[in-house]
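Pasting the sequence and the predicted model now:
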There are 2 protein chains.
Amino acid sequence: MKISVLGVGCTKFAELWDKSLHDLIAQAQFMALDDAGIAPAQIESIFVGNMLAQQFNGQAHLGAIVAQQLGINVPSVRVENACASGSSALICGVQAILSGAANVVMVIGVEKMSDVAISQATSALMGAGDYQSEHFAGATFPGLFAMVTRLYMQKYGLTSKELAAVSIKNHNNAALNPMAQFNKKITLDDYFNSPVVADPLRLLDCAPISDGAAAVIISSYDFAKKYGKTGVNIIASTQATDTLDLASREEITSFKATKIAGKKAFEIAGITQRDIRVAEIHDAFSMAEIIALEDLGFFKQGTAGFETAQGKTQITGELPVNTSGGLKAKGHPVGASGISQVIEVVNQLLGRCGQRQVENAQYGLTHNIGGIGTTAVVHIFERK
Amino acid sequence: MKISVLGVGCTKFAELWDKSLHDLIAQAQFMALDDAGIAPAQIESIFVGNMLAQQFNGQAHLGAIVAQQLGINVPSVRVENACASGSSALICGVQAILSGAANVVMVIGVEKMSDVAISQATSALMGAGDYQSEHFAGATFPGLFAMVTRLYMQKYGLTSKELAAVSIKNHNNAALNPMAQFNKKITLDDYFNSPVVADPLRLLDCAPISDGAAAVIISSYDFAKKYGKTGVNIIASTQATDTLDLASREEITSFKATKIAGKKAFEIAGITQRDIRVAEIHDAFSMAEIIALEDLGFFKQGTAGFETAQGKTQITGELPVNTSGGLKAKGHPVGASGISQVIEVVNQLLGRCGQRQVENAQYGLTHNIGGIGTTAVVHIFERK
């Protein structure tokens, strides 16, 4: 398979109190059109990734907003898969093109989270887990990820210093990204002075509440060829699902869905982990980045934290990870996060990343999860 | 295009206080598997239509529940397009097969609405319209549809008697459908004795709040051939979008999205309106059925109410419409409704409908809308 990326557009991620959901969508969608150099009327299908607009903004039916703001009447669908909503929308967009239903597709992710109280956000986000067996029992998302982290520490000797290394790296990267919510470096002292959210996870292990939108316009390779827009292509688009509740799993320090989606993605792309020179990895919690790097086969199980502490995933390292700042520091407007990852990788492959540009990247990868690794989506990109 | 329907499964629609969201999904999904005669492990991709589980049941990420209950790890995605969520999920399922991503797909719709107060339901359902310009201004869904109805009455001389004819027909049909929420006939007196919800719409013009789930298993035609399951095929699957808010439209007594999706569906199927012998039409309000029958080209604009009053759309008429009882009387668990329509048409084409069976149907159509005709989805089915 080969799907071309025609253009990308993204708002700044932040608490954007002066922007409505409609505003955020408009900014990202028109930036992407400008970047692609095509007219709204050329979009033939739309997929929108969003998790929380019904609960936070009273707004369902986002597909129609995206279409209306483009002034077009094409099929438009909202896709929700918790924090993997954006990349799941991309999965559907890719399938729409491969099916022949559309030649050019806009995939956009959006979330406006800052208008509600944190308790309301925590409760709504727990919708990504199992309401019956987890939420009713009092579990929160940081709480569940803390359990995963605690067990991982016991099994592999990981300490808070390695967790800190993930967060510090991602903040350092975000300091080079003007679109990031936390456009600043942090120190080890900052990390250890940050409050414990769910032991052992500290505030600086946890992605923030964010507003933002991110859009990508994709097309069949043939369409892109006509427009001379085959600079970056999607060469694998895979997804897998694990049990919604943690209790039903054999293992919780490794996520089966990521393993399945990752393995399949490398098979389809016909490349290996060593070919990837830039990756955006789901780091809603520091622990998640470490586990994902192992599940995707970049590092052996139990080692990714230590490799991170040794600088292997820095911009200048062997495998630059989350050069954008990641969910932790770029921000995590849930529905937009998966598409934002795609945009960073596309921009890296096109050499558009300025101070945080990695060198010689021909292949990049994005990894986005929903729930505690319940849904995993992997995309692999190739520079022509 | 040709996609085969391998099997269908549906819960009773009602206020099912003793069934959880998980229970409803389980019942529909395993009925569909039994009907298809295939094993869970043969499902390669899942799409779930749902609008309100986040707001009503605290549960997002429904894709994972469906996969987990099947014990499989395949890609699973929730799709939301307000009241057209179920049929939008089917659109995605069809595309997944045509793209080559999957051979066999489960598409399931589910909604559990009866656990919340009516005021909460009314507010959440208004998420299908524009929050900024409509909901904030105090509009409700029945209120907006009442405005449409009032204008239609002024333009075409429609009266409450024709509206009543739609509702009475659909209740009469539901009386023959044991799975319907209102498994009983109503009279013209019942209609006029029912309270006004939003003048001129009465309670008996409005679909109820319902719980239920409906599942369909589809496959490539080639796969179905091997299993001898090509009895009913989907020969058109189309969708279109109009503005989210009514105020932005040129016309509100006819819905552009239905016109576009309908026209395209007939073109793709290569048949005409006269070939359709059974149709499930979105009748969340009586007025909606009348407008849809015109927009789909079955009757001339301004006439479908009068044709209905003359019996043309009864089971014994020229074009039997909503033989299941429709959303009005079969029930309207929002995310499940679109799939439930599909199931009725499939069962009609297979001659499984007992007392409400139509005669000699080779082609059937489903029409499902989200918002005030904002999203429209049309499917056409052919008996082999």
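Yep, that arrived.

in the stretch 51-200 of chain A, which spans are helices?
Per DSSP state H, counting those that start in this stretch, the stretch 51-200 of chain A carries helices over the ranges A:53-57, A:62-70, A:85-98, A:118-125, A:141-156, A:160-174, A:188-193.

just checking, what packs against the second one?
Of the remaining helices and strands, those touching helix A:62-70 by 3 or more C-beta pairs under 8 Å, 6 or more residues apart in numbering or on different chains; DSSP states H and E are helix A:21-36, strand A:45-49, strand A:76-80, strand A:104-112, strand B:232-241. (Each C-beta comes from the backbone N, C-alpha and C, glycine too.)

can you pull the contacts of residue A:29?
Applying C-beta atoms under 8 Å, 6 or more residues apart in numbering or on different chains, we find residue A:29 in contact with A:9, A:66, A:69, A:70, A:106, A:108, A:213, A:215.

can you rerun that using 10 Å?
Contacts for residue A:29 (C-beta atoms under 10 Å, 6 or more residues apart in numbering or on different chains) come out as A:9, A:40, A:43, A:46, A:48, A:65-66, A:69-70, A:106, A:108, A:110, A:213-215, A:217.

Take the helices and strands packed on helix A:62-70 and write them to CSV, including mean pLDDT and distance to residue B:377.
As requested, the helices and strands packed on helix A:62-70 are arranged in CSV below (pLDDT from 0 to 100; distance: least, C-beta to C-beta, whole Å):
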stretch, mean pLDDT, distance to residue B:377
helix A:21-36, 98, 22
strand A:45-49, 98, 13
strand A:76-80, 98, 10
strand A:104-112, 98, 18
strand B:232-241, 98, 5
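
Mind checking the ones you listed for the one nearest to residue B:54?
Among those, strand A:76-80 comes nearest to residue B:54, with 8.0 Å by C-beta to C-beta.

neighbouring strands for the closest one, and are they parallel or not?
Each strand paired with strand A:76-80, and its direction, by DSSP bridges: strand A:45-49 (parallel), strand B:76-80 (antiparallel).

would JSON lines of the helices and strands packed on helix A:62-70 with distance to residue B:366 be doable?
Listed next are the helices and strands packed on helix A:62-70 as JSON lines, based on distance: least, C-beta to C-beta, whole Å:
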{"stretch": "helix A:21-36", "distance to residue B:366": "30"}
{"stretch": "strand A:45-49", "distance to residue B:366": "20"}
{"stretch": "strand A:76-80", "distance to residue B:366": "17"}
{"stretch": "strand A:104-112", "distance to residue B:366": "24"}
{"stretch": "strand B:232-241", "distance to residue B:366": "10"}
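
between these, which gets nearest to residue B:308?
Shortest distance between residue B:308 and the helices and strands packed on helix A:62-70, using C-beta to C-beta, is found for strand B:232-241: 24.3 Å.

That closest one: partners in the sheet, and parallel or antiparallel?
Going by DSSP bridges, the partners of strand B:232-241 are strand B:3-10 (antiparallel), strand B:375-383 (antiparallel).

follow-up on the earlier one: nearest approach to residue A:268 belongs to which of the helices and strands packed on helix A:62-70?
Nearest to residue A:268, of these and by C-beta to C-beta, is strand A:104-112 at 18.9 Å.

The closest one to helix A:85-98, inter-axis angle?
Counting by axes from the mean of the first three to the mean of the last three C-alpha atoms, to 10 degrees, strand A:104-112 lies at 170 degrees to helix A:85-98.

okay, now the domains of chain A?
In terms of domains, chain A is parsed into A:3-117+A:209-232, A:129-208+A:235-383 (source: automatic domain parsing).

Mind checking what secondary structure residue A:214 has?
strand (DSSP: H, G, I helix; E, B strand; the rest coil).

burial measure for it, as a count.
Residue A:214 has 33 neighbours, counted by other C-beta atoms under 10 Å in any protein chain shown.

same deal with the one 4 residues further on?
Neighbouring residues of residue A:218 were enumerated by other C-beta under 10 Å; the total is 30.

now do the one 4 residues further on
Other residues within reach of residue A:222, judged by other C-beta under 10 Å, total 11.

show me what contacts it?
Neighbour list for residue A:222: A:2, A:4, A:103, A:230 [criterion: C-beta under 10 Å, 6+ apart].

Angles on the backbone of the third one, please.
Torsion angles at residue A:103 (phi, psi; degrees, to the nearest 10) stand at phi -100, psi -40.

ok, back up a step: in TSV, list the strands paired with strand B:232-241 along with mean neighbour count and mean pLDDT.
Below are the strands paired with strand B:232-241 laid out as TSV (neighbours: other C-beta atoms under 10 Å in any protein chain shown; pLDDT from 0 to 100):
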stretch	mean neighbour count	mean pLDDT
strand B:3-10	25	98
strand B:375-383	27	98
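
For residue A:262, I want the exact helix or strand it lies within.
For residue A:262, the element it lies in under DSSP states H and E is helix A:256-269.

ok, and does that helix reach over to chain B?
Yes. Counting by C-beta under 10 Å from any C-beta of the partner chain, chain B has neighbours in helix A:256-269: A:256, A:257, A:259, A:260, A:261, A:264.

tally of neighbours for the residue lying closest to residue A:144 once chain neighbours are set aside?
Spatial nearest neighbour of residue A:144, chain neighbours left out: residue A:372 (5.3 Å); criterion: C-beta to C-beta, 6 or more residues apart in numbering or on different chains. Residue A:372 has 29 neighbouring residues, counting by other C-beta under 10 Å.

and among the domains of chain A, the most buried is which?
Comparing the domains of chain A by mean neighbour count (mean count of other C-beta atoms under 10 Å in any protein chain shown), domain A:3-117+A:209-232 comes out on top with a mean of 24.

before we move on, the earlier item: what about the strands paired with strand B:232-241, which gets the closest to residue A:346?
Set against residue A:346 and scored by C-beta to C-beta, the strands paired with strand B:232-241 come closest in strand B:375-383, at 29.5 Å.

Check the offset of the closest one from the chain's centre.
Its chain's C-alpha centre and that of strand B:375-383 lie 10 Å apart, by C-alpha atoms, centre = their mean, to the nearest Å.

Check stretch A:220-236 too.
Put simply, stretch A:220-236 sits 22 Å off its chain's centre (C-alpha atoms, centre = their mean).

ditto for stretch A:121-131
Relative to its parent chain, stretch A:121-131 has a centroid offset of 18 Å by C-alpha atoms, centre = their mean.

now the domains of chain A in a markdown table, with distance to residue B:95?
Listed next are the domains of chain A as a markdown table, based on distance: least, C-beta to C-beta, whole Å:
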| stretch | distance to residue B:95 |
| --- | --- |
| domain A:3-117+A:209-232 | 4 |
| domain A:129-208+A:235-383 | 13 |
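
Generate CSV for the strands paired with strand B:232-241, with distance to residue B:61 as supplementary columns.
Rendered in CSV, the data for those read as follows (distance: least, C-beta to C-beta, whole Å):
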stretch, distance to residue B:61
strand B:3-10, 22
strand B:375-383, 22
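
now for those strands, which one comes closest to residue A:285?
Across the strands paired with strand B:232-241, closest to residue A:285 is strand B:375-383 (C-beta to C-beta), at 35.8 Å.

Just want the angle from that closest one to helix B:256-269.
Angle, strand B:375-383 to helix B:256-269, by the same axes, to 10 degrees: 30 degrees.
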